[in-house]
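A.B. asks: 3D model of this:
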Amino acid sequence: MTDPLPLVSVVIPCRNEGKWIGPCLESILANDYPQERLEILVADGMSNDGTRAVLEGYALNYPFIRMLDNPQQITPAAMNTGIKNARGEIIVRVDAHADYPRDYISSLVRLLKESGADNVGGVFVTRPGRPTTIARAIAVGLSHPFGVGDSHYRVGSTEDRWVDTVPFGCYRKDVFDRIGLFDEELVRNQDDELNLRLIKHGGRIRLSPKIVCYYYARNSLRQVWQMHYQYGYFKPLVVRKVGGVMTLRQLVPPLFVLMLAVTAFVAVLSRAVAPHPWNFVAPVVFAFIAGNYMLAIGACAAWAVGKHGLRVAAALFGVFPALHISYGIGYMRGIVAFLILRRSQSGDAKAIPISRWEELPISKSPGAFISKNVAQPIVSVIVPCRNEEKWIGPCLDSILATDYPRELLDILVVDGMSNDGTRAVLEKYLVKYPFIRMLDNPQQTTPRAMNLGIAAARGSVIVRKDAHVEYPTDYISSLVNLLEQSGADNVGGVCQTLPANDSAVAKAIAIGMSHPLGVGNSHFRIGSSEDRWVDTVPFGCYRREVFDRIGMFDEELVRNQDDELNLRLIKHGGRILLSSRIVCKYYTRDSLRKLWQMCYQYGYFKPLVVRKVGGVMTLRQLAPPLLVLSLIITALGGLLCIDFPGNQDALIAFTLIPGGYLLVIGATAAWAARKYGFAVAATLFAVFSILHISYGLGYLRGVVEFLVLRRNRKGDAKAVRMTR
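C.D. replies: Reported below is the predicted structural model:
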């Protein structure tokens, strides 16, 4: 008599997988393993995109499918919830972003029995998530030895082998009784840590190349960077927990990044400050490392041309650096955090638990109202202002023109004791519209205005608005709808930047404030082709409970208070969503002096934000201070060259840096000349320089005051506070 087949519990962690969960379940249900010996447990991270409705439909049709709640919304917690509720003697961990062949479960169970292993798995064929060139190149990079090393389950194997980890493992249930469950401190790499812990307890892991599933990869370089940065960041925590490096391949990216950083730093320092006959060594080493790396990518690209086409091959020059450099930088940060400072980590502030960054839960047009079966919330619109006589009327008119029900509106204008006629304008609106209220703000700063408004607000949704902006009629309804659909804690749209008047200066400022050269990859300024998770949005629409959970705006920050609050929100597990379809019209500064003051203040207060939140929010904020610092260092080096006539390297560097910078500005100005005229194009030289140098100088001063001298700041005496 043959032994009965074991009961198998398939555990699927998921969150907001409306697109993928159906095909995943269909491929599992199509398996040849007897359904009476199967149970499927989907541990859902409180999805809000329709995933739960899909799951409920399957649970009704298939009684062996159960949905479990995972309030923590992270993968290890989902796995632990599934294991604790599992009835089977075998646990199969499945990913919602993969398809599984008909014999997948039966092959795993047979291999587990025949091999005597404690965990078995197969290889996966990486497929693009979308039919785009970048997505195809990412799939190639994630299955190529140059991209992922000797990771056999990714690059394939010619024979069964004992390994350190497998994807989507098939475990004996008693493994978890023996060594414990998944470590919930690890948002990433939890499978690696569990498998290495299993090996240290005498367990064995078997990989079979005959068991194959199909995995759908990320769709953009940004998503690849985020994912692999997180993998690198959490790897040193795994090292600390298990007491050693899992495989040597994980050390290659951080060593590569470290060598590039060290040789670049030594090259700049030695050639700019200390003339010496051996100064050529560091630049040569840097060029050798970087050059050979690019040659290796070129060889891989040449191989890819014949199989995948020229465009995919060219895209590999972006994919491979994104894989390696993001992982390496994350790994080095993890070494500092977990091995040197010995911090513990309960989730990564930038990790979106379980859910994939690209799968945004937006299904309806953002301008559509929420279903009439759902009560629409009261919305409190807060407008900080001071001396806005020219702008406050048009701003309020655009708010009042909204299609959101007026009986659900609560408008609070928090005035910083204006003395230009603003209050007279406001009083006319107060008489006519009883749902508009004016609050006094004697401190005259924006964060204080926001806090006063939030404290007095009646709504469950808070919308922050700027007096220098005009809003479309569906602006509030779109934000509220997006907030409900996405499950985000703060949502916003993009700003169409317009000149304050018809002068060449105002037009050039508007161009500079909406151009990547001026503001980097700030998507709400330069625009976005798709909805995306971001680090900040302008004029945010928040759930009121956010402020109960993380606190109010920081009143020490005259500038950057939105950035600090939003990063604090992310560090508390919140999410911020930018919609490309919600657009408002923002009117910029109208003079170069005002632009200088504004950017200097933004730069000055940014290091204080860094100190408060414990890290740099985005890399783009470092570009202006690094530009200014490089100019200062090379200028000093050039002066030193007077005493060393035989070495003019620093002087050459000082010439090349501003020269290259002016060439880039010149190319942008030439583009602008065709569209906006010569006067605007010529003014762009001043606008870009002011944007970068004023911010950079302010940032460097802030570094000295807030990070070096550790001063506190109760507002900046030179801040133009809330006026323009």
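A.B. asks: quick one, what contacts the residue positioned nearest the centre of the chain?
C.D. replies: Most central in the chain under Cα atoms, centre = their mean is residue 534, positioned 5.4 Å from the mean C-alpha point. For residue 534, the contacting residues are 523, 524, 576, 577, 578, by Cβ atoms under 8 Å, 6 or more residues apart in numbering. Using the backbone N, CA and C atoms, a C-beta is placed for each residue, glycine as well.
A.B. asks: Just the closest of the residues you listed to residue 307, please.
C.D. replies: Nearest to residue 307 among the contacts of residue 534, counting by Cβ to Cβ, is residue 523 at 34.0 Å.
A.B. asks: Hmm, residue 532 and the closest one touching each other?
C.D. replies: Yes - taking Cβ atoms under 8 Å as the definition, residue 523 is a contact partner of residue 532 at 6.6 Å.
A.B. asks: Identify the contacts common to these two.
C.D. replies: Taking Cβ under 8 Å, 6+ apart as the contact rule, residue 523 and residue 532 both touch residue 578.
A.B. asks: mind showing which ranges of the chain have poor pLDDT?
C.D. replies: Scanning the chain with the threshold set as pLDDT under 70 gives 1-3, 244-248, 268-282, 344-375, 521, 529, 614-619, 634, 637-655, 713-724.
A.B. asks: Please report how far residue 325 lies from residue 234.
C.D. replies: 17 Å (Cβ to Cβ, to the nearest Å).
A.B. asks: Between the two, tell me which one has more neighbours.
C.D. replies: Just comparing residue 325 and residue 234: by other Cβ atoms under 10 Å the higher neighbour count belongs to residue 234, 27 against 19.
A.B. asks: Now the element after the helix or strand that one falls within, going C-ward?
C.D. replies: Secondary structure assigned from DSSP states H and E places residue 234 in helix 221-242. Next helix or strand after helix 221-242 toward the C-terminus (DSSP H and E): helix 252-273.
A.B. asks: helices and strands around that following helix, which ones?
C.D. replies: Packing partners of helix 252-273 (3 or more Cβ pairs under 8 Å, 6 or more residues apart in numbering; DSSP states H and E): helix 281-308, helix 310-334, helix 623-640, helix 649-676.
A.B. asks: Which positions in the second one come out as buried?
C.D. replies: Same thing as helix 310-334. 312-313, 315-316, 318-334 (16 or more other Cβ atoms under 10 Å).
A.B. asks: Check which helices and strands that helix is in contact with.
C.D. replies: Judged by 3+ Cβ pairs under 8 Å, 6+ apart, the packing partners of helix 310-334 are helix 133-141, helix 145-148, helix 221-242, helix 252-273, helix 281-308.
A.B. asks: just to revisit the earlier point, hey, which of the helices and strands packed on helix 252-273 is tucked in deepest?
C.D. replies: With neighbours defined as mean count of other Cβ atoms under 10 Å, these peak in mean count at helix 310-334, which reaches a mean of 21.
A.B. asks: need the next SSE after that one, C-terminal direction.
C.D. replies: strand 379-385.
A.B. asks: Looks like residue 568 contacts residue 562 (just checking).
C.D. replies: No - taking contacts as Cβ under 8 Å, residue 568 lies outside contact range of residue 562: 10.8 Å.
A.B. asks: Okay, helices next: where are they in the stretch 501-650 of the chain?
C.D. replies: Along the stretch 501-650 of the chain, the stretches classed as helices by DSSP state H, counting those that start in this stretch are 504-512, 516-519, 523-526, 545-550, 561-571, 592-613, 623-640, 649-676.
A.B. asks: To residue 457, which of those lies closest?
C.D. replies: Comparing the helices of the stretch 501-650 of the chain under Cβ to Cβ, the one sitting nearest is helix 545-550, at 9.4 Å.
A.B. asks: List of residues touching the closest one?
C.D. replies: Contacts of helix 545-550 (Cβ under 8 Å, 6+ apart): 454, 460, 462, 489, 490, 565, 568, 569, 572, 574.
A.B. asks: right, and the pair among the residues you listed with maximum separation?
C.D. replies: Among the contacts of helix 545-550, 460 and 568 lie farthest apart (Cβ to Cβ), at 20.5 Å.
A.B. asks: ok, the two, which is more surrounded?
C.D. replies: Taking other Cβ under 10 Å, residue 460 and residue 568 do not tie; residue 568 has more neighbours (20 against 12).
A.B. asks: now the strands for the stretch 51-200 of the chain?
C.D. replies: 65-69, 90-93, 98-99, 119-127, 161-162, 170-172 (DSSP state E, counting those that start in this stretch).
A.B. asks: And for the stretch 351-500 of the chain?
C.D. replies: 379-385, 409-415, 436-440, 461-464, 469-470, 490-498.
A.B. asks: export those strands to a markdown table and tack on mean neighbour count and distance to residue 133?
C.D. replies: Shown next, in a markdown table, are those (neighbours: other Cβ atoms under 10 Å; distance: least, Cβ to Cβ, whole Å):
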| stretch | mean neighbour count | distance to residue 133 |
| --- | --- | --- |
| strand 379-385 | 26 | 42 |
| strand 409-415 | 24 | 46 |
| strand 436-440 | 17 | 51 |
| strand 461-464 | 25 | 39 |
| strand 469-470 | 20 | 37 |
| strand 490-498 | 23 | 25 |
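A.B. asks: which one of the ones you listed lies closest to residue 163?
C.D. replies: Closest to residue 163 of the strands of the stretch 351-500 of the chain is strand 490-498 (Cβ to Cβ; 42.7 Å).
A.B. asks: What are the contacting residues of the closest one?
C.D. replies: Contacts with strand 490-498, where a contact means Cβ under 8 Å, 6+ apart, come from 469, 475, 478-479, 482-483, 510, 513-514, 523-525, 527-528, 537-543, 546, 566, 569, 574-588.
A.B. asks: Of these, keep whichever come out buried.
C.D. replies: Buried by 16+ other Cβ under 10 Å: 469, 475, 478-479, 482-483, 510, 513-514, 523-525, 528, 537-543, 546, 566, 569, 574-584, 586-588, out of the contacts of strand 490-498.
A.B. asks: Compare the helices of the stretch 501-650 of the chain and give me the one nearest residue 685.
C.D. replies: Of all these, helix 649-676 sits nearest to residue 685, with 5.6 Å by Cβ to Cβ.
A.B. asks: tell me which strands and helices that closest one is in contact with?
C.D. replies: helix 252-273, helix 504-512, helix 516-519, helix 623-640, helix 678-702.
A.B. asks: ranking those helices by burial, who's on top?
C.D. replies: Each of the helices and strands packed on helix 649-676 was scored by mean neighbour count; the highest is helix 504-512, a mean of 24, by mean count of other Cβ under 10 Å.
A.B. asks: now the angle between helix 678-702 and that helix, please.
C.D. replies: 60 degrees (axes from the mean of the first three to the mean of the last three Cα atoms, to 10 degrees).
A.B. asks: now helix 504-512 against helix 592-613, angle please.
C.D. replies: If you take the same axes, to 10 degrees, helix 504-512 sits at 30 degrees to helix 592-613.
A.B. asks: Against which helices or strands is helix 504-512 packed?
C.D. replies: helix 516-519, helix 592-613, helix 649-676, helix 678-702.
A.B. asks: Which among those helices is found nearest to residue 113?
C.D. replies: Nearest to residue 113 among the helices and strands packed on helix 504-512 is helix 592-613 (51.4 Å), distances taken as Cβ to Cβ.
A.B. asks: Go through the closest one and flag the buried ones.
C.D. replies: Neighbour-count burial for helix 592-613 [16+ other Cβ under 10 Å]: 592, 595-610, 613.
A.B. asks: Check stretch 201-218 too.
C.D. replies: Neighbour-count burial for stretch 201-218 [16+ other Cβ under 10 Å]: 203, 205, 206, 207, 208, 211, 213, 215, 216, 217, 218.
A.B. asks: among those residues, which are in helices?
C.D. replies: Members of these lying in helices (criterion: DSSP state H): none.
A.B. asks: Just put the residues you listed in CSV and tack on distance to residue 250.
C.D. replies: Listed next are the buried residues of stretch 201-218 as CSV, based on distance: Cβ to Cβ, whole Å:
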residue, distance to residue 250
203, 20
205, 17
206, 21
207, 18
208, 23
211, 24
213, 23
215, 20
216, 24
217, 19
218, 19
